[in-house]
Structure formats: C-alpha cells, structure tokens
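Colleague: Sequence and predicted structure below; questions after.
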Amino acid sequence: MIQIDTKYITIKEYADSVNRSVQRVRKWCTSHKVQGAIKVAGVWLLPQNAKPDLKSVGRPAKKPYKAPEGVDRGERGVTDGN
C-alpha cells in the first residue's frame, strides 16, 4: 500500500487561505501554477503548504514606447504663438 505524507486540501480551503477566488485558484490549477495540485475523480486537491507561482501570473508589464530612429518626439504641432 502507498502511503502519502502530504496533506491535501480542496480548492475552497486553499482559496480562503490565499485570499483568492475559487475560480482564480481553479485557473491556476489548470494552467499548472500550483505545484503538486492533482485532480482526482474530477476534484482538484492541492498540497496544504503549496504556494502559487505568482511570478508568471497576470498580464505582462508594458514596455515604454520607443520612437523609431529619425522621428522627432519634440513639441508636435505646438508653436510659440508667432
């Protein structure tokens, strides 16, 4: 017989412990963001001490705009009033 030392909890219990919605945690599980999460008989089980991989969760940061070479980004269309 196989003995498992890790204690598993449900998505609801895990969501409450990390202050996230059940839907968000379910999305993390399906995209493999929670290490050790397993699906048994259609139910996700997560290790009690699992931490989500938040580095790769969410929208990527925007890159600052860089004008093409030779394009002046100075005062466009602004005159000195003369």
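Modeller: That came through fine.

Colleague: where do the strands sit along this protein?
Modeller: Taking DSSP state E as the criterion, the chain carries its strands at 8-10, 38-40, 43-47.

Colleague: and the first one, what other elements does it pack with?
Modeller: Just to be clear, that refers to strand 8-10. When contacts are defined as 3 or more CB pairs under 8 Å, 6 or more residues apart in numbering; DSSP states H and E, strand 8-10 packs onto strand 43-47. The way it works is simple: take the backbone N, C-alpha and C, and place the C-beta from them, glycine included.

Colleague: ok, now which ones touch residue 45?
Modeller: 8-10, 37-39 (CB atoms under 8 Å, 6 or more residues apart in numbering).

Colleague: hmm, back to that, turn the strands of the chain into a markdown table, including mean pLDDT and distance to residue 26.
Modeller: Converted to a markdown table, the strands of the chain look like this (pLDDT from 0 to 100; distance: least, CB to CB, whole Å):
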| stretch | mean pLDDT | distance to residue 26 |
| --- | --- | --- |
| strand 8-10 | 92 | 11 |
| strand 38-40 | 91 | 10 |
| strand 43-47 | 91 | 7 |
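
Colleague: So for residue 59, which of those strands sits nearest?
Modeller: For these, the distance to residue 59 is smallest for strand 43-47, at 24.1 Å, taking CB to CB.

Colleague: can I get the CA coordinates of the closest one in PDB?
Modeller: Taking Å, rounded to 0.1, in the frame of the first residue of the first chain, the C-alpha atoms of strand 43-47 are listed here in PDB:
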ATOM      1  CA  VAL A  43     -11.900  17.300  -7.900                       C
ATOM      2  CA  TRP A  44      -8.800  19.300  -7.500                       C
ATOM      3  CA  LEU A  45      -6.700  18.600  -4.500                       C
ATOM      4  CA  LEU A  46      -3.800  20.900  -3.500                       C
ATOM      5  CA  PRO A  47      -1.000  20.400  -1.000                       C
END
